[in-house]
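K.L.:
kindly return the folded structure for what I paste below:
(one chain, ligands or ions: 1)
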Amino acid sequence: MAAAVELEGVNVTFGDFVAVKEANLTIEPGEFFSFLGPSGCGKTTLLRTISGFIEPTRGAVRIGGQDMKGIGPNKRPTALIFQNLALFPMMTVAENIGYGLRVRGVPRHERDEKVKNLLIQVALTEHGHKRVSELSGGQKQRVAIARALAVEPSVLLLDEPLSALDLKLRQHMRTELRAIQKRVGITFIYITHDQGEALTMSDRIAVMNAGVIEQVGDGRAVYAEPRTPFVASFVGENNAIRGRISALEGDIATLETPLGTLKGRNPVGLAAGEEALLFVRPEAMQLRANGSTVGFEGETLDVAYEGSVTHVTLRAKTGQKITASIGANAGVGLPSAGENLRIGFQPADGLLLARPERH
Ligand SMILES: Nc1ncnc2c1ncn2[C@@H]1O[C@H](COP(=O)(O)OP(=O)(O)OP(=O)(O)O)[C@@H](O)[C@H]1O
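P.N.:
Numbering: from 1, shown residues only. Model prediction:
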């Protein structure tokens with residue numbers, strides 16, 4: 001089967017400004033694929049390029065194996081759901097869902113049948129007769145999805161569709177969206193700056209920074225095996241410590257840092273003498289560390305209780321702030337502000353990456 005979407009050397013420029021740089025990517029049929037990155041990194045531009053609202057300055061977009069050059073948004077097998085949903089508030093739910101079919105001249109009985117099935121797929125069977133203005137935020141989201149699905153796109157493009165919802169509903173809708181995607185079985189391409197959304201819903205994620213796709217992988221890969229300092233810092237929380245590599249021993253490298261000698265994994269194969277950044281997740285930091293770990297001294301600045309976890313902010317002797325997140329069941333006593341202690345981590349939980357200047 002042809003790939004759902006292929007990007008080959010896609011560049012999008014606005015005047016001198018490069019919004020998307022050399023995007024190369026293959027998205028498979030039936031995949032839930034997310035673009036994750038901060039505001040302004042080019043996610044929307046890329047989505048609009050796939051949907052046909054923007055032509056790439058250079059490179060090719062293929063959908064279902066077919067080159068999309070010169071094919072307008074209405075002629076592409078894609079449907080786009082915007083942040084504001086753009087539903088018709090005075091129409092009923094069923095009318096909204098059937099709208100695209102009516103415009104296309106689909107006969108009434110066929111339309112009704114389809115709308116009925118779509119109401120089942122988005123779990124709104126009881127609500128077909130209601131006006132959209134009578135629905136909750138989450139129900140409106142589902143209407144927008146059903147309306148987009150009605151015209152049978154092979155790819156559904158979603159531009160931060162949950163951003164207007166409150167936190168609880170947003171979290172609930174993640175599960176809903178994923179379930180709907182599994183039921184209908186088509187490709188979903190989702191853009192978000194919320195890493196929690198990307199990690200919980202996606203089969204794979206492309207992490208973008210300043211127009212560049214820095215890494216593509218499943219949630220575990222981008223969280224546990226980031227390949228660039230940007231990905232390591234953007235996906236989840238991370239502590240970053242600068243230093244220079246002094247020794248290599250198998251997978252583990254030793255790093256001389258202003259905080260002392262530390263160690264970490266060296267997956268990108270940095271050489272002795274190279275400048276590096278050592279990343280250690282807050283949850284991998286241990287308080288009152290003993291001999292089996294590498295570590296340094298720190299002063300407790302702040303202890304923030306958050307229920308399942310407590311975030312302890314420490315100041316190393318260089319002034320750098322380090323965060324340690326301690327699970328409620330970790331069985332360690334929490335320090336009090338001002339207390340000095342040794343903080344440590346297992347070398348296997350440290351990750352060494354090249355300093356950005358190298359790129
Ligand atoms: N039509 C345009 N003309 C000029 N610059 C543009 C145009 N559209 C987007 N840009 C610029 O391209 C960059 C990427 O914008 P884009 O909307 O793709 O970002 P984004 O990652 O989707 O951000 P957000 O999450 O804030 O929507 C931004 O710096 C933006 O100002």
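
K.L.:
for the ligand, what's its nearest residue on the stretch 51-200 of the chain.
P.N.:
Scanning the stretch 51-200 of the chain for the residue nearest the ligand gives residue 193, at 5.1 Å (criterion: Cβ to the nearest ligand atom). For the C-beta atoms, the positions are set from N, CA and C on the backbone; glycine is no exception.

K.L.:
which residues touch that residue?
P.N.:
36-39, 43, 160 (Cβ atoms under 8 Å, 6 or more residues apart in numbering).

K.L.:
restrict those to contacts with the ligand.
P.N.:
The residues of those that also fall near the ligand, by Cβ under 6 Å from any ligand atom, are 37, 39, 43.

K.L.:
is it true that residue 263 touches residue 257?
P.N.:
No - Residue 263 lies out of contact with residue 257 (Cβ atoms under 8 Å); the separation is 10.4 Å.

K.L.:
who's more crowded, the two?
P.N.:
residue 263 (21 against 18; other Cβ atoms under 10 Å).

K.L.:
spell out which residues of the stretch 151-300 of the chain are next to the ligand.
P.N.:
Residues of the stretch 151-300 of the chain lying near the ligand (Cβ under 6 Å from any ligand atom): residue 193.

K.L.:
show me the shaky parts of the stretch 151-300 of the chain.
P.N.:
291-292 (pLDDT under 70).

K.L.:
hmm, 80 instead?
P.N.:
Scanning the stretch 151-300 of the chain for pLDDT under 80 picks out the ranges 163-166, 168-169, 288-293.

K.L.:
what segments of it are strands?
P.N.:
For the stretch 151-300 of the chain, strands defined by DSSP state E, counting those that start in this stretch occupy the ranges 155-159, 187-192, 204-209, 212-217, 239-249, 252-257, 260-265, 275-280, 286-287, 294-305.

K.L.:
what does the first one rub up against?
P.N.:
This means strand 155-159. In contact with strand 155-159 (Cβ under 8 Å, 6+ apart) are residues 4-5, 44, 47, 50-51, 63, 77-83, 145, 148-149, 177, 181, 186-191.

K.L.:
quick one, which of these are buried?
P.N.:
Burial by neighbour count, judged by 16 or more other Cβ atoms under 10 Å, picks out 4-5, 44, 47, 50-51, 63, 77-81, 145, 148-149, 177, 181, 186-191 from those.

K.L.:
which ones among those residues map onto helices?
P.N.:
44, 47, 50-51, 145, 148-149, 177, 181 (DSSP state H).

K.L.:
those residues: which two are farthest apart?
P.N.:
Greatest spatial distance in those: 44 and 149, 21.4 Å, computed using Cβ to Cβ.
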